[in-house]
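[1] Requesting a structural model of the entry that follows:
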Amino acid sequence: MTIAVHLITGFLGAGKTSLITALIAKRPAGERWAVLVNEFGRIGIDQAAWAGSDVLVKAVPGGCMCCAQNLPMQITLGQISSEPGIARLLIEPSGLGHPVQIRETLTAPHWQHYFSLGASLCAVDGRQLADEKIRTHETFLAQVAIADALILTKQDVLSAEEQAQARSFAESQVPAKPFFSVGQADGELIDIDLACLQVPVLKPAQQRRSLLHRQPTASTEAAPAIDPPYHYHQKALDHEVGGWVFPADWQFDHDLLMSLLLAWQTQLVSRIKGVLHTNQGWLFFNIEAGTFAVRQSEYRADSRLELIAPQARDWAQNEQQLLATMLTPAQAGEQGE
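    Residues are numbered from 1 along each chain as shown. Predicted coordinates:
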């Protein structure tokens with residue numbers, strides 16, 4: 001029996017992680033699922049989002065796994081196919097990743113014995129439709145074109161005009177595609193109809209990809225070891241990306257940390273995501289423009305945080321600001337008494 005595979009696409013900040021979390025919450029009892037996520041940065045954050053959910057989570061961090069020859073992705077697919085009892089696989093490419101090559105990989109002859117292509121879903125934040133840079137972006141257009149159904153996210157924060165624009169956008173697609181409208185509470189999707197996974201798979205249209213979008217070259221290099229404390233920053237796909245990993249016993253002051261993250265949110269950032277050990281427990285953060293989602297986390301291996309922005313940042317200053325929210329060992333001990 002083959003594993004049903006669903007691509008979960010969407011532009012950076014559209015709500016893909018929240019969509020997958022909502023789908024997992026509706027998973028039929030006794031049905032085993034797997035998630036393969038392509039982290040945009042070097043630090044794996046999303047696997048922490050589903051810690052304790054009894055779902056097999058695999059990550060391909062760093063860059064884009066959209067190249068058909070991407071060896072880490074091929075290896076990870078092999079690992080998932082060898083796991084017993086997996087009924088469904090959700091694949092989340094990077095929000096700036098081109099999905100066509102992933103679909104071609106999954107339909108290659110040597111994977112036909114293991115995987116069957118199910119409905120592909122594209123998360124669309126109606127507010128992004130007002131941004132011409134996103135609305136006309138080649139990757140966004142490719143994500144919408146390859147989708148079998150559109151998930152219109154964050155409907156509860158959209159004006160009536162924005163909601164109408166989102167529905168009009170979905171209805172204008174050629175060929176016509178079903179769409180599902182969902183709102184959010186505390187940054188997480190409010191329910192989701194699993195019928196979205198059962199919509200018919202459309203025959204893929206011929207995609208013309210710009211030569212300016214370079215395909216990643218195959219790599220056999222192992223990902224660098226990340227031993228906390230660790231930090232990095234780099235530029236990737238016209239975005240600034242930086243992150244930190246801290247030992248599990250390092251503890252952050254909840255109130256100071258929240259104030260800092262709220263301050264960062266007001267700046268021009270695309271996303272802040274992480275799981276951090278605070279004096280109010282382990283918390284998972286998923287922060288985008290206008291959305292600040294915080295919930296308890298079962299992840300305990302370490303604290304990690306990653307920030308993505310469309311413009312240059314003073315990473316040294318950001319690090320000092322983050323370290324200033326940390327409790328000293330003596331303070332952490334007092335909190336635990």
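[2] any idea where the helices of the stretch 151-300 of the chain begin and end?
    Read by DSSP state H, counting those that start in this stretch, the stretch 151-300 of the chain holds these helices, from start to end of the chain: 160-171, 254-266.
[3] which strands and helices sit next to the shortest one?
    For helix 160-171, the contact count by 3 or more C-beta pairs under 8 Å, 6 or more residues apart in numbering; DSSP states H and E identifies strand 121-125, strand 149-153, strand 179-181 as packing neighbours. For the C-beta atoms, the positions are set from N, CA and C on the backbone; glycine is no exception.
[4] Show me what that helix is in contact with.
    If you take C-beta atoms under 8 Å, 6 or more residues apart in numbering as the criterion, helix 160-171 is touched by V124, G126, R127, L129, A130, L150, L152, Q155, L158, K177, F179, S181.
[5] Kindly report the same for the last one.
    Residues outside helix 254-266 that contact it (C-beta under 8 Å, 6+ apart) are 272, 276, 278-280, 283, 285, 287, 289, 292, 294, 307, 318, 321-322, 324-325.
[6] Show me the shaky parts of the stretch 151-300 of the chain.
    By pLDDT under 70, the weakly predicted segments of the stretch 151-300 of the chain are 186-187, 203-225, 237, 289.
[7] ok so, going back, buried deepest among the helices and strands packed on helix 160-171, which one?
    Per-stretch averages of neighbours, counted by mean count of other C-beta atoms under 10 Å, single out strand 121-125 among the helices and strands packed on helix 160-171, with a mean of 28.
[8] Let me have the helices and strands packed on helix 160-171 in JSON lines, extended by distance to Q265.
    Supplementary listing: the helices and strands packed on helix 160-171 in JSON lines, determined by distance: least, C-beta to C-beta, whole Å:
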{"stretch": "strand 121-125", "distance to Q265": "16"}
{"stretch": "strand 149-153", "distance to Q265": "18"}
{"stretch": "strand 179-181", "distance to Q265": "25"}
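[9] how about those strands, which one is nearest G243?
    Ranking the helices and strands packed on helix 160-171 by their distance to G243 (criterion: C-beta to C-beta) puts strand 121-125 first, at 22.6 Å.
[10] before we move on, the earlier item: is it possible to mark the buried ones in the contacts of helix 254-266?
    272, 276, 278-279, 283, 285, 287, 289, 292, 294, 307, 318, 322, 325 (16 or more other C-beta atoms under 10 Å).
[11] picking that back up, I'd like to know which of the helices and strands packed on helix 160-171 lies nearest to A312.
    Proximity to A312, assessed across the helices and strands packed on helix 160-171 by C-beta to C-beta, is greatest for strand 121-125 (24.6 Å).
[12] Spell out the residue ranges of the strands in the stretch 151-300 of the chain.
    Along the stretch 151-300 of the chain, the segments classed as strands by DSSP state E, counting those that start in this stretch run 179-181, 184-185, 188-189, 230-236, 239-247, 271-278, 281-288, 291-296.
[13] Now do the buried residues in the longest one.
    I take that to be strand 239-247. Buried positions in strand 239-247, judged by neighbour count with 16+ other C-beta under 10 Å: H239, E240, V241, G242, G243, W244, V245, F246.
[14] Now tell me what touches it from outside.
    Where contact means C-beta under 8 Å, 6+ apart, the residues beyond strand 239-247 that reach it are 12, 40-43, 45, 96, 226, 228-235, 270, 274, 276-277, 302-313, 315, 318-319, 322.
[15] now the angle from it to strand 230-236?
    170 degrees (axes from the mean of the first three to the mean of the last three C-alpha atoms, to 10 degrees).
[16] What strands flank strand 239-247, and is each parallel or antiparallel?
    Strand 239-247 has the following strand partners under DSSP bridges: strand 230-236 (antiparallel), strand 302-309 (antiparallel).
[17] what's the angle between the helix or strand following the longest one and helix 254-266?
    When you say that, I think you mean strand 302-309. Once strand 302-309 ends, the next helix or strand along the chain (criterion: DSSP states H and E) is helix 315-323. Orientation note: helix 315-323 sits at an angle of 150 degrees relative to helix 254-266 (the same axes, to 10 degrees).
[18] need the next SSE after helix 315-323, C-terminal direction.
    Under the assignment DSSP H and E, the closest C-terminal helix or strand after helix 315-323 is helix 329-336.
[19] No further questions, thank you.
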